[in-house]
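> Show me how the following folds:
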Amino acid sequence: MKVVITALAALLLTRAAAEDVPTDTYQQTCEIPPFEWAAYGTRLTGRMYTRRAALLGNSLYAAGYLKSTGAPDKEEFKEIDEDFGVTGPYTAADPVGASAFWVTSDLTSYTTEHGSFAQYEVGVIKIGITTGRPKDVFVYYGEGQDETAGLAVKETAIGNIMAVSGHFVGSLSADHGDGTTTTIYNSNTNGTADFVQHPNAIKNGFDDGFIISADADTGDAKWMVAHPKSNKDAQTVGVDLDADGNIYGAGYSCTMGEDEFVVCDGFVAKFAADDGSILWEQKFTDLGAAMWVVYDKTDDSLYVTGTTTYFGEISDDLPPPKENGNCYHDMCAVTMRLSAKDGSTDWIRTAKGSPRWNFFDQTGDIQLANDLDGPYVYVALDDVGEDGLVTLDEGTSYAGCRDADGVLTPEHLISPSKVVTAEDCPIGSTFVPRSAADALPAADAATEAKCGTGHETVDACIIKYHKYTGLPI
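Okay, here's the model as predicted:
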């Protein structure tokens, strides 16, 4: 087994042997663990903040924000066509990269007359996973703040597809393999009379979300859509793909009313493989945001994280947390299982606390267990369990089979390998769905699974759920 580490402060991609990295002992150290190779993002006149990583075949993909640090309105400015570069591999035998390879990218240098804090483009770096040799830099660009959030890369029926998501103001452009370009524009950029397209976000409207479907081998876009749209803030945070190349996205959209009160709702949607049209969308008015999504090909289902809050905290300066029937605290982190066919909800689990979400906050992640582990899903949630032990026995009720004596056997005791239905109940017993008033309440499962039992200063939790029932493990 191998471990790939993506550092966020600067593009530093490291492949290490897992057996050489202790995982059972908390360590606070500046020591560098043994590694197989490293590739570095070299700041020429550009920089990158990596946000997500994905693997496909022999390639590692790292997505984030790319930015030229050059400014044409500055006296010392000199135009170059190698603003950003990635070099590697660096190894223990070649620590200075004497035999390393380079890949560079020409970034647009924007004027600073409107400010310079938001001159970001959407960027994806492609690196050979076995060699550490950089292969390519894919850039999707535009006037305004373009921020990458989600990344998924998979082999599908229509080829190797890369899905990228995030949010943008102003415009965002993606080049196609036939030489044409698709450009999308922010939905609310027709505001003031002095509006111009420029790299600073101040006068370029409020964020809309975006999703890009691209050829993972070349980076050429297949399609790009703006979704969701808003008059205050919106983002498609996480994305994933199915075997047909359809893309699933999760995120949020915020609306400001005439009273300047902001309301944010979560969403999960399915986008068609061929053109990005919406096949279905579920909006969650009891969530401030949905976040990460993972597709399970085993039974065509989705697992999604979210929060009942805006920005993951409670403040007089922010909209209040949402009222949610499965949250019994001031705010909750949420994990859900949905049908990938229509977005209907199968089960929901909640926990006291909330992942923070903003430009650079850690919102966590959700991933399926491998086949050797079993039918489980792992959820990482920042800022859950900070204030002590948090029970995981909360959320929707459990289905089951009730016998002639009135005794209910919950679904997780009937079959751990599938979703339990009426056909699984013994003759003479009655199937009780999760929505029934006499279903087993989540608290009565009494698993005693808790979050917050780790190190002295708990800042996040990794939770293991049974994927068919939502039972916390």
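> mind listing the strands for the stretch 151-300 of the chain?
Using DSSP state E, counting those that start in this stretch, the strands of the stretch 151-300 of the chain run over 159-168, 171-175, 181-185, 208-215, 221-226, 233-241, 247-256, 262-271, 278-284, 289-296.
> Put together JSON lines for these, with mean pLDDT on each row.
Below are these laid out as JSON lines (pLDDT from 0 to 100):
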{"stretch": "strand 159-168", "mean pLDDT": "96"}
{"stretch": "strand 171-175", "mean pLDDT": "93"}
{"stretch": "strand 181-185", "mean pLDDT": "92"}
{"stretch": "strand 208-215", "mean pLDDT": "97"}
{"stretch": "strand 221-226", "mean pLDDT": "98"}
{"stretch": "strand 233-241", "mean pLDDT": "95"}
{"stretch": "strand 247-256", "mean pLDDT": "94"}
{"stretch": "strand 262-271", "mean pLDDT": "94"}
{"stretch": "strand 278-284", "mean pLDDT": "98"}
{"stretch": "strand 289-296", "mean pLDDT": "96"}
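> So for Ala443, which of those sits nearest?
Ala443 lies closest, by Cβ to Cβ, to one member of the strands of the stretch 151-300 of the chain: strand 278-284, at 22.5 Å. Quick note: C-beta positions are derived from backbone N, CA and C, even for glycine.
> quick one: contacts of the closest one?
Strand 278-284 is contacted from outside by 227, 246, 265-272, 290, 306, 338, 342-345, using Cβ atoms under 8 Å, 6 or more residues apart in numbering.
> Report the contact partners of the closest residue in space to Tyr295 that isn't next to it in sequence.
Computed as Cβ to Cβ, 6 or more residues apart in numbering, the closest residue to Tyr295 that is not its neighbour in sequence is Asp240, at 4.3 Å. The neighbours of Asp240, taking Cβ under 8 Å, 6+ apart as the test, are Ala152, Ala163, Ile247, Tyr248, Val293, Val294, Tyr295, Leu302.
> Which strand residues bridge Asp240?
Tyr248 (DSSP bridges).
> what separates it from Leu381, distance-wise?
Applying Cβ to Cβ, to the nearest Å, the value for Asp240 to Leu381 is 18 Å.
> Please apply the same query to Ala54.
With distances taken as Cβ to Cβ, Ala54 is found 21 Å from Leu381.
> Compare these two and say which is more crowded by neighbours.
The residue with more neighbours, out of Ala54 and Leu381 and counting by other Cβ atoms under 10 Å, is Leu381; that gives 28 against 21.
> So what sits opposite that one in the bridge?
When bridges are called by DSSP bridges, Leu381 pairs up with Cys461.
> Now do the strands in the stretch 301-450 of the chain.
According to DSSP E, counting those that start in this stretch, the strands that the stretch 301-450 of the chain contains are 301-307, 332-339, 345-352, 365-368, 376-382, 390-391, 400-402, 408-410, 430-432, 450-451.
> Name the strands paired with the second one and say parallel or antiparallel.
What that stands for is strand 332-339. Here strand 332-339 is paired, per DSSP bridges, with strand 301-307 (antiparallel), strand 345-352 (antiparallel).
> Mind putting these into a markdown table with mean pLDDT, mean neighbour count and distance to Gly388?
Conversion of the strands paired with strand 332-339 to a markdown table gives the following (pLDDT from 0 to 100; neighbours: other Cβ atoms under 10 Å; distance: least, Cβ to Cβ, whole Å):
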| stretch | mean pLDDT | mean neighbour count | distance to Gly388 |
| --- | --- | --- | --- |
| strand 301-307 | 96 | 27 | 19 |
| strand 345-352 | 96 | 24 | 9 |
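> Geometrically speaking, which residue is the centre of the protein?
In the chain, the centroid-proximal residue (Cα atoms, centre = their mean) is Gly238; its distance is 3.2 Å.
> Neighbours of the closest residue to it other than its chain neighbours, how many?
The spatial neighbour of Gly238 that comes closest, neighbours along the chain excluded (Cβ to Cβ, 6+ apart), is Trp292 at 3.9 Å. Around Trp292 there are 26 other residues, counting by other Cβ under 10 Å.
> hang on, Trp292 packs against Val377?
No. Contact status for Trp292 versus Val377: not in contact, 11.0 Å apart, counting by Cβ atoms under 8 Å.
> who touches both of those two?
By Cβ under 8 Å, 6+ apart, the residues touching both Trp292 and Val377 are Ile366.
> how far away is Asp317 from Tyr310?
When Asp317 is compared with Tyr310 (using Cβ to Cβ), they lie 10 Å apart.
> the more surrounded of the two?
Legend: neighbour count by other Cβ under 10 Å for Asp317 and Tyr310, higher for Tyr310 (24 against 6).
> Can you check the pLDDT for that one?
Tyr310 carries a pLDDT score of 82 in this model.
> That one: what's it in contact with?
With contact taken as Cβ under 8 Å, 6+ apart, Tyr310 is in contact with Cys254, Val262, Cys264, Gly288, Ala289, Leu318, Pro319, Pro321.
> let's go with 10 Å and repeat that
Counting by Cβ atoms under 10 Å, 6 or more residues apart in numbering, Tyr310 makes contact with 233, 252, 254, 262-264, 288-289, 318-322, 331, 354, 357.
> Of those, grab the buried ones for PyMOL.
Selecting the buried subset of these in PyMOL, with 16 or more other Cβ atoms under 10 Å as the burial test, is done by:
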select buried, resi 233+252+254+262+263+264+288+289+319+320+321+322+331+354+357
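> Name the pair among the contacts of Tyr310 with the greatest separation in space.
Largest separation among the contacts of Tyr310 by Cβ to Cβ: Asp233 and Met331, giving 18.5 Å.
> Return the distance of stretch 84-102 from the chain's centre.
If you compare the mean C-alpha spot of stretch 84-102 with that of the full chain, they lie 30 Å apart, counting by Cα atoms, centre = their mean, to the nearest Å.
> What residues sit buried inside it?
By neighbour count, and taking 16+ other Cβ under 10 Å as the criterion, the buried residues in stretch 84-102 are Phe84, Gly85, Val86, Thr87, Gly88, Pro89, Tyr90, Gly97, Ala100, Phe101.
> Just the residues you listed: which are in strands?
The members of those that map onto strands under DSSP state E are Phe84, Gly85, Val86, Thr87, Gly88, Pro89, Tyr90, Phe101.
> where do the helices sit along the stretch 1-150 of the chain?
For the stretch 1-150 of the chain, no helices are identified by DSSP state H, counting those that start in this stretch.
> show me what contacts Asp403?
For Asp403, the contacting residues are Thr409, Cys425, Pro426, Gly428, Ser429, Thr430, taking Cβ under 10 Å, 6+ apart as the criterion.
> and if you look at Asp207?
In this structure, Asp207 makes contact with 144-147, 166-169, 186-188, 201, 228-230, 232-235, 253-254, judged by Cβ under 10 Å, 6+ apart.
> repeat that with 7 Å
For Asp207, the residues meeting the contact criterion (Cβ atoms under 7 Å, 6 or more residues apart in numbering) are His167, Phe168, Val169, Asp233, Ala234, Gln235.
> Please apply the same query to Cys461.
Contacts of Cys461 were listed using Cβ under 7 Å, 6+ apart, and they are Leu381, Val384, Gly385, Cys451, Gly452.
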